[in-house]
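Chemist: Predicted model, plus sequence, below.
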Amino acid sequence: MKIPFLFLCFALLGFASNAQESVDAAAIEPKAQFQLNVNDTFYLLNEKELLKVTETLVKPTISIQLADFKKFNSNYVSFEYPRQYTFEFNEDAGINYKNWIFSGNDIKVMLFQFGSTVSIDALIDGMVSKFGKRNCKVTPFKKKLGIKVCEGRSLRVSMAEQLLNMDFYELSSNGEGTIIMAFQSSLEDDGSSSGEYKTGFKTIDNSISY
């Protein structure tokens, strides 16, 4: 069950913008990847990428299959994510803001890159004011994402008989700007995340570098 609360929220807060042309290679959706097996030697290739084999192969056994993931790379963050997710990029060059959105059915992964210092609390305070304090619960946390421990906030929103959880991780914050990663999950009736969310988060958590 896809719930677009966060898109609405960021639009209300003025952080959402229309997608624009960008010279940033990370603005382009990552290509599909293929797993190639040549005589039990495995290669990972991007779509349309050439494989150079220097040895002579005699009657080789070759198999190929589509990888379960794509790989995202920016100047600051890289990770693998399930290949079926949709990809969106938004940019406002005027304020040096970039936003990437990777969407499944019950999960949205959002990467925010700000050219200035922006706190998670400032983002969440704005959301709470829009959704109503009685509908929101905010919990601070320290959690590992990849191999690093991040400070962050969990925002749980209950509206219109729907339950949504958003975890915000501060990946980097310094004089050059702020990078925040958010995971949005539509929750089951018992408050647990869906299987799709757990699989997607695990894929990113096991591969992220920043």
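Modeler: Great, that's in hand.

Chemist: Just give me how far whichever strand or helix holds Gln35 sits from the chain centre.
Modeler: Taking DSSP states H and E as the criterion, Gln35 maps to strand 33-38. Chain-centre distance of strand 33-38: 25 Å, with CA atoms, centre = their mean, to the nearest Å.

Chemist: That one pairs with which strands, and in what direction?
Modeler: strand 41-46 (antiparallel), strand 62-66 (antiparallel) (DSSP bridges).

Chemist: Can you tell me which residue is spatially central in the chain?
Modeler: Centroid-nearest residue in the chain, with CA atoms, centre = their mean: Val109, separated by 3.4 Å.

Chemist: ok, for that residue, nearest residue in space, not its chain neighbours?
Modeler: In this structure, Val109 finds its nearest non-sequential neighbour in Phe102, 4.3 Å apart by CB to CB, 6 or more residues apart in numbering. Backbone N, C-alpha and C define where each C-beta goes, glycine included.

Chemist: How about the one you found: which residues does it bridge to?
Modeler: Phe87, Val109.

Chemist: and it, what does it touch?
Modeler: Phe72, Tyr81, Tyr85, Thr86, Phe87, Lys108, Val109, Met110 (CB atoms under 8 Å, 6 or more residues apart in numbering).

Chemist: Out of those, who's the most crowded?
Modeler: Lys108 (27 neighbours; other CB atoms under 10 Å).

Chemist: Tell me which stretches of this protein form strands.
Modeler: 33-38, 41-46, 62-66, 69-73, 78-82, 86-92, 97-103, 107-114, 136-145, 148-159, 162-174, 177-186 (DSSP state E).

Chemist: All set now, cheers.
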